[in-house]
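> just a sequence and a predicted model for now, questions to come.
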Amino acid sequence: MAQSAHAYVRGNTIKFYEWLDRAGKSKSLPEGPSIWICGDCHIGNLGPVASAEGKVEIQIRDLDQTVIGNPAHDVIRLSLSLAMAARGSDLPGVTTALMVEQVIQGYRHALLGRASKVKESDVMPIKLVMRQALNREWRHLAEERIEDVKPTIPLGARFWALSKAEREEIERLFGEDDVRKMATCLKSRDNKDKVAVLDAAYWMKGCSSLGRLRFAVLAGIGKGKRRDFSLIDIKEAVKAAAPRAAKSEMPRGNAERVVAGAKALSPFLGNRMLASQFMDKSVVLRELMPQDLKFEMESLTQAEAIAAANLFAGVVGRAHARQMNRDTRGRWAAELMKTQGKTIDAPSWLWSSVVDLVSDHEAGYLEHCRLFAMKRAG
């Protein structure tokens, strides 16, 4: 989080919602229809995602914070993320204003089913990652995640040894029919194939792993020459920081909530996920696919930053729109623009929110860096 201001924004969802609770009412934020939202809608959580049938699209790729809530929250968080990415690329402040205009345009066009003039090829980092995703195979994932194509997980800084109880629990979990069905859902596999645990380890994967269950499981699917390998992520699901809509009916379990939100917002990913229990903890299982990547939006040109804002907002808009009927989409698109800005082609509530949030997070980032430096010095 100390590496850059944008990394601080990505890793500080709680601070975002603290600001929203403190200042959101004074901004007169529009109250959209109660639908599943990402809850942590920054550009690091958008990227190419593969379906079980082998198709690849840019969708939301992390749904830990998903709730039934106000879709305006996703629009604001995405805009903040884009603004901080622009600052990280040393782009002038006018770029942020142009990006916010493109966020609302791309989002509304997606709601209304209008085609976007922006293409993935207009943003070089997106073009390169999409090309990479379409050409990746199992060996690429294995070399990247477990450093080898051999059916073992190397212990070290990232992967730690399991306790006997944890290993037994993983074996028990992979003996369940629901897990077997999830592991064999890809079109290249037979749904009657047996699934065997070849190796497993605790996965120290960023700050989101600290204090929570997180395991990597290397599984063998099928037998003989038809045997396929699979890397499955088991992640503890915890309470979301994002506020839920009043009287909304969501699953009580956190893992069930994450999977339900994923299926609504990012079906390519959600249909490959499973909610379960691990040692009395709520966990989500999903197979990691070679095509599931994230974008590193650094060193953008102004034209690329503006195009990326439209493109990413369109992805979020489509994820929201598929949960609404035509009339609801039209009403929400109109509600977004009720407070049109005088000097910017975007609603005033969105622009003022971004300005305040950038200021708030810049101050928070500098304080975070000061504390981080003091701890290292000590």
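Looks like it arrived, so ask away.
> now the helices for this structure?
For the chain, the helices defined by DSSP state H cover 5-10, 13-23, 71-88, 93-111, 124-134, 138-145, 164-173, 177-183, 254-265, 267-270, 302-321, 326-336, 348-377.
> any idea how far the fifth one is from the chain center?
By that I understand helix 124-134. Taking Cα atoms, centre = their mean, to the nearest Å, the mean C-alpha location of helix 124-134 is offset from the chain mean by 17 Å.
> buried residues in it?
The neighbour-count check on helix 124-134 (16 or more other Cβ atoms under 10 Å) flags 126, 129-130, 133 as buried. Where C-beta positions appear, they are placed from N, C-alpha and C, glycine not excepted.
> go on, the second one?
Using 16+ other Cβ under 10 Å as the test for burial, helix 13-23 gives 13, 15-17, 19-20.
> just the residues you listed now: which is nearest Trp203?
Thr13 (20.4 Å; Cβ to Cβ).
> test my guess that that closest one contacts Val67.
No - if you go by Cβ atoms under 8 Å, Thr13 and Val67 don't touch, sitting 11.8 Å apart.
> next, show the common contact partners of those two.
39, 242 (Cβ atoms under 8 Å, 6 or more residues apart in numbering).
> could you chop this structure up by domain?
5-134+296-377, 138-288 (automatic domain parsing).
> for these, which one ends up most surrounded?
Stretch with highest mean neighbour count among the domains of the chain: domain 5-134+296-377 (a mean of 19; mean count of other Cβ atoms under 10 Å).
> now that one, how far from the chain's geometric center?
The mean C-alpha position of domain 5-134+296-377 is separated from the chain mean by 11 Å, Cα atoms, centre = their mean.
> what is the mean pLDDT for that domain?
On average, the pLDDT along domain 5-134+296-377 is 87.
> then stretch 168-176?
On average, stretch 168-176 scores 95.
> got the contact list for that stretch?
162, 179-180, 183, 195-197, 200, 215, 217, 219, 234, 276, 278-279, 285.
> save the buried residues of helix 124-134 as CSV, and put in distance to Arg61 too.
CSV is the format used below for the buried residues of helix 124-134 (distance: Cβ to Cβ, whole Å):
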residue, distance to Arg61
Ile126, 14
Val129, 12
Met130, 13
Ala133, 11
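> pick out the most distant pair among these.
Spatial extent of the buried residues of helix 124-134 (Cβ to Cβ) is set by the pair Ile126 and Ala133 at 10.4 Å.
> okay, and the common contacts of those two?
Common neighbours of Ile126 and Ala133 are not found (criterion: Cβ under 8 Å, 6+ apart).
> who touches the residue with the largest distance to the centre of the chain in this structure?
The C-alpha centroid of the chain is most remote from Gly224, which lies 36.0 Å away (Cα atoms, centre = their mean). Shown in contact with Gly224 (Cβ under 8 Å, 6+ apart): no residues.
> for Asp193, see how far away it is.
Distance of Gly224 to Asp193, given as Cβ to Cβ, to the nearest Å: 11 Å.
> and for Leu82?
Taken as Cβ to Cβ, the span from Leu82 to Asp193 is 43 Å.
> picking up where we left off before, so which of the helices of the chain is nearest Pro33?
helix 326-336 (5.4 Å).
> looking at the helices of the chain, which is closest to Pro290?
With Cβ to Cβ as the measure, helix 138-145 is the member of those nearest Pro290 (4.2 Å).
> and the closest residue to Ser51 other than its chain neighbours, how close does it get to Glu120?
In this structure, Ser51 finds its nearest non-sequential neighbour in Phe268, 4.0 Å apart by Cβ to Cβ, 6 or more residues apart in numbering. As judged by Cβ to Cβ, Phe268 and Glu120 stand 16 Å apart.
> what of Asp177?
39 Å.
> what of Arg329?
Applying Cβ to Cβ, the value for Arg329 to Glu120 is 24 Å.
> and what of Asp280?
In this structure, Asp280 and Glu120 are 43 Å apart, going by Cβ to Cβ.
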